[in-house]
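K.L.:
Give me coordinates for this.
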Amino acid sequence: MNDPDGRVSTKDTREVIMEATFRAISEHGYADLRLRDIGEEMEMTRQVIHYHFDGKYDLIASFLEYVIDQYEGSVEVEEGGDPRTELDARIDQCLFGPEFGEFSHWDRMRVYHELFAHAQNDERHREIFNDHYGRIRGSIVEVVERGIEEGTFRPVDADLMGQLVTDVIHAARGRRISLGHDDAPEEARRAIDEFVLGSLYAEG
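P.N.:
As a prediction, the model looks like this:
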């Protein structure tokens with residue numbers, strides 16, 4: 001969206017920088033990434049980056065929040081709908097999508113997990129990832145608790161259930177990205193259905 005005088009809005013400029021950061025990390029990796037590399041991926045002067053961000057560290061932290069916001073805003077569930085349907089939608093979204101325009105789900109996950117691997121040495125980035133992890137886990141816990149209350153699911157420890165499902169999702173994504181096991185998400189989905197959700201849906 002442009003301002004009335006034709007200038008590109010701050011929101012659009014930041015999105016251009018974020019998408020340029022995707023391309024730069026995909027090509028150069030995080031460890032060797034320079035602001036110059038990001039600038040070369042844009043049709044704007046590199047000074048625009050310095051105007052919006054206080055260096056590489058600040059930019060990458062904002063980039064992480066941008067990626068996470070895209071995923072958290074992409075889950076489409078009907079409010080008050082069937083807990084089974086919502087739980088399936090949340091699991092599938094984490095394992096298989098959503099899809100985006102220029103970069104696929106797995107293109108984005110490769111960048112996400114590369115930054116995730118560096119988070120152990122970066123307090124701010126670790127905090128961002130921890131918050132995101134907690135929200136994923138919390139969304140699963142909430143739908144399990146609702147399903148128990150409505151009698152759709154049998155009584156279980158919803159916190160442990162949310163923890164298990166979230167950890168399986170992260171492990172499967174990491175195995176696909178780091179080890180090249182392309183079928184890891186599908187295998188994880190079948191295992192969740194058979195050994196986790198199968199028990200959750202059991203009668204009696």
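K.L.:
Please make it C-alpha for all contacts and neighbour counts, starting now.
P.N.:
OK.
K.L.:
Please identify the buried residues of stretch 53-72?
P.N.:
Of the residues in stretch 53-72, 53, 59-64, 67-68 count as buried by neighbour count, 16 or more other C-alpha atoms under 10 Å.
K.L.:
Could you dump those into a markdown table with pLDDT, secondary structure and distance to Phe153 added?
P.N.:
Shown next, in a markdown table, are these (pLDDT from 0 to 100; DSSP: H, G, I helix; E, B strand; the rest coil; distance: C-alpha to C-alpha, whole Å):
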| residue | pLDDT | secondary structure | distance to Phe153 |
| --- | --- | --- | --- |
| Phe53 | 91 | coil | 47 |
| Leu59 | 93 | helix | 43 |
| Ile60 | 92 | helix | 40 |
| Ala61 | 91 | helix | 38 |
| Ser62 | 93 | helix | 38 |
| Phe63 | 93 | helix | 38 |
| Leu64 | 92 | helix | 35 |
| Val67 | 87 | helix | 32 |
| Ile68 | 87 | helix | 29 |
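K.L.:
what bits of this structure have low per-residue confidence?
P.N.:
1-11, 73-76, 78, 80, 101, 202-204 (pLDDT under 70).
K.L.:
Where do the helices of it begin and end?
P.N.:
Taking DSSP state H as the test, the helices found in the chain are 10-28, 35-40, 47-52, 56-72, 83-96, 105-118, 123-149, 158-179, 184-191, 198-200.
K.L.:
So which elements touch the fifth one?
P.N.:
If I follow you right, that is helix 83-96. Helix 83-96 is packed against helix 123-149, helix 158-179, helix 184-191, with contacts defined by 3 or more C-alpha pairs under 8 Å, 6 or more residues apart in numbering; DSSP states H and E.
K.L.:
and if you look at the first one?
P.N.:
With contacts defined as 3+ C-alpha pairs under 8 Å, 6+ apart, the packing partners of helix 10-28 are helix 35-40, helix 56-72, helix 105-118.
K.L.:
How about residues contacting the last one?
P.N.:
Counting contacts by C-alpha atoms under 8 Å, 6 or more residues apart in numbering, the residues outside helix 105-118 that touch it are 22, 25-26, 29-30, 64, 67, 96-99, 126, 129, 173-174, 177.
K.L.:
quick revisit: output the helices and strands packed on helix 83-96 as JSON lines; include the columns distance to Glu114.
P.N.:
Shown next, in JSON lines, are the helices and strands packed on helix 83-96 (distance: least, C-alpha to C-alpha, whole Å):
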{"stretch": "helix 123-149", "distance to Glu114": "12"}
{"stretch": "helix 158-179", "distance to Glu114": "9"}
{"stretch": "helix 184-191", "distance to Glu114": "18"}
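K.L.:
Tabulate the ones you listed (JSON lines), appending mean neighbour count and distance to Glu41.
P.N.:
Listed next are these as JSON lines, based on neighbours: other C-alpha atoms under 10 Å; distance: least, C-alpha to C-alpha, whole Å:
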{"stretch": "helix 123-149", "mean neighbour count": "18", "distance to Glu41": "23"}
{"stretch": "helix 158-179", "mean neighbour count": "17", "distance to Glu41": "24"}
{"stretch": "helix 184-191", "mean neighbour count": "17", "distance to Glu41": "31"}
